[in-house]
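S.K.: Just a sequence and a predicted model for now, questions to come.
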Amino acid sequence: MDGKNIIKRYDSMNSNVIGNWMNLWQECADWCYQTNDNINRIRVAGQEKPPQRMIDTCIEANYSFAAGFFSHMFPPNTVWAKYRHPFPQLMANDNVANYFEEVSRIIHQVLIGSNFSQEEFQALLSLGCFGTNCLTIEEDEKDIVRFRNIVIRDIRIDENHNGMVDTVAREYQLTPRQCIQKFGTEALIAAELGHIVNEVDTNYDKKYKFIHFIEPRLDYTKNSKKNTDKPFASYHVARQNGKILKESGFDFNPYKVSRFMVGNEEVYGRSPMSMILGTARRTNVIYRSMMISAEQHANPQWLIPDDDSVSGMSNRAGSFIRWRATNPNGKPERLAPNGDPGIAMDMYKLHDDQIKRMFFNHLFRPLDQYRNMTATEVSERMTTDLMTLAPFVSRYIEEHITPLMNHIYFICAKRKLLPPMPKELLDSPQYEVDYVGRLSMATKSFETMGAINTLRVFGELSQMNPQMLESLKNIDPDKLFREIWYANSSSMNALKDPEVVAEEREQEMMMQQQQMAIDAAPKLADAAQKVSGDVADNSIINQLQGQ
């Protein structure tokens, strides 16, 4: 592909963003993401932020959203993502279950050893503010994988015919020293950029623009080891002359893009912040009015005559105020304030709560609303409330987390960090990723609630008609138990083999029958003695009694 055509495609994608989207992102960042508020404005590093925003409610709400979502989706020091086979029958095999259990723990250790937590939290902040986030994943010699959050200002995306993001372009800047580190001296000279090499020591602060373009390859070679034959093509192009400095490829798209929600005929996502901009503006005005009213009550205005009979006015404690005593009407007095800061405070709290609820803060802080409840009631209420996030969580898992986990599995397999695959999986080497965080578990509770609710309904109906209990004979308790166990992401290798369970039940039944016979022996002996008077030494009753 020609480098100049890549630049044209990037400029075309960029033209769809300049204007409405950039202005929207800028205002959203001004309200809730002050560390990345240079979307369409030039700001020098360390420059003081503009003072237009008087409230910090949106900043707090966005941080609470990102922190709550992260802790509920990716609980620290916990294996929150488990690899497993799609078929529960295979997962019941000890070798298969142990294999996936070890794979899950190895990949979890890889994530802990990387910078995933820091960058994923930043990505969630971007999602709450802009509605679109992008997390890159790259192989690293030291930490195996390395992540980086890229703010929406620097990326441009495009969808395929299925509405999935498959094309990502990013414009970035490098100093001459960074150019040599990334591309090498030979690549720069071959791209007619030899002057960059000469500026390493003389013009080391100057920055050059480059474009990284990722798109699917239509003519890739399956299982090829050549980077230029991979499913995703990668091009690094110099903005200065349109020359390709580096052409490569990936088996998986290294850019993991997710959207909070997507509008009609829109590619970029809409965020919670973008949907409450009007509320944020009103809250800012209400807060300013509340401060003015409170200041007037704390320090009322002065009423003085206009004949210059008053001088030396001051609001400081112990100050002297001079006025002409010969004019009794010229004595200064405080002007009684008419505003009511209490009403302004009530309005502010109403809007403040509305903003935080739009960021789902109430779902992540249960102690603020679940009081005077038992632990079971709190758990049930939280699970029900978290279901309101189910559509968003499902989209985030599909667009962001699952592609990321598949990519990490591929990297670990390529580096031979995973255990050897058991022979039971050779004919069906499939896997799926199961998430066991509180958010994902709340969205999956529908699978088990159907069976539980059905049993509860028939239990209530049986109180009116005992024949309803006969319908429960259609249920195999063991199969229902295993299905619920599997749906709740519990480890299948913790379950016993069905044949072992059947043998144990048979032994228990035999022991129960023996115990019943032992318990009945004295009664039988007593009855026989009453009938005949004596019990023969070789009789069955005498033998049971001896036992």
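M.R.: Yep, that arrived.
S.K.: what bits of the stretch 51-200 of the chain have low per-residue confidence?
M.R.: Where the stretch 51-200 of the chain drops to pLDDT under 70, the residues are 51.
S.K.: repeat that for 90
M.R.: 51-55, 68, 71-73, 75-82, 84-98, 101, 140-143, 153-154, 162-163, 197-200 (pLDDT under 90).
S.K.: now the helices for it?
M.R.: For the stretch 51-200 of the chain, the helices defined by DSSP state H, counting those that start in this stretch cover 57-73, 88-91, 94-113, 116-130, 176-183, 185-190, 194-198.
S.K.: List the buried residues for the longest one?
M.R.: This points to helix 94-113. Buried residues in helix 94-113, counting neighbours by 16 or more other CB atoms under 10 Å, are found at 96-97, 99-101, 103-104, 106-108, 110-111. From N, CA and C alone the C-beta is placed, and that goes for glycine too.
S.K.: Phi and psi next, for Gly312.
M.R.: For Gly312, the backbone dihedrals are phi 70, psi 30 (criterion: degrees, to the nearest 10).
S.K.: Contact partners for it?
M.R.: 319-322 (CB atoms under 8 Å, 6 or more residues apart in numbering).
S.K.: Could you check the pLDDT of it?
M.R.: Per-residue confidence for Gly312 comes out at a pLDDT of 78.
S.K.: what's the answer for the one 3 residues further on, then?
M.R.: According to the model's per-residue confidence, Asn315 sits at a pLDDT of 81.
S.K.: Can you tell me the element it falls in?
M.R.: Following DSSP states H and E, one finds Asn315 outside all helices and strands.
S.K.: Give me the distance between it and Leu303.
M.R.: 14 Å (CB to CB, to the nearest Å).
S.K.: Check Thr136 too.
M.R.: Remark: distance between Thr136 and Leu303 (CB to CB) = 65 Å.
S.K.: do the same with Tyr348
M.R.: Counting by CB to CB, the gap from Tyr348 to Leu303 is 29 Å.
S.K.: So for those two, which sits in the more crowded spot?
M.R.: Per other CB atoms under 10 Å, whichever of Tyr348 and Leu303 has more neighbours is Tyr348, with 21 against 12.
S.K.: Find the helix or strand that the nearest residue to that one once chain neighbours are set aside is a member of.
M.R.: Counting by CB to CB, 6 or more residues apart in numbering, Tyr348 lies nearest to Ile286, which is 5.0 Å off, once chain neighbours are set aside. Using DSSP H and E, Ile286 sits in helix 277-298.
S.K.: Tell me the strands beside the next helix or strand after that helix, with direction?
M.R.: Moving toward the C-terminus from helix 277-298, the next helix or strand (DSSP H and E) is strand 302-303. If you go by DSSP bridges, strand 302-303 pairs up with strand 333-334 (antiparallel).
S.K.: I'd like the average pLDDT over the partner strand.
M.R.: Mean predicted confidence for strand 333-334 is 84.
S.K.: try stretch 500-507
M.R.: Stretch 500-507 comes out at a mean pLDDT of 79.
S.K.: For it, list the C-alpha coordinates in PDB.
M.R.: The C-alpha coordinates for stretch 500-507 follow below in PDB (Å, rounded to 0.1, in the frame of the first residue of the first chain):
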ATOM      1  CA  VAL A 500     -17.900 -42.300  41.900                       C
ATOM      2  CA  VAL A 501     -21.100 -40.500  43.200                       C
ATOM      3  CA  ALA A 502     -23.200 -43.500  42.100                       C
ATOM      4  CA  GLU A 503     -20.900 -46.000  43.900                       C
ATOM      5  CA  GLU A 504     -20.900 -43.900  47.100                       C
ATOM      6  CA  ARG A 505     -24.700 -43.700  47.000                       C
ATOM      7  CA  GLU A 506     -25.000 -47.400  46.600                       C
ATOM      8  CA  GLN A 507     -22.600 -48.000  49.600                       C
END
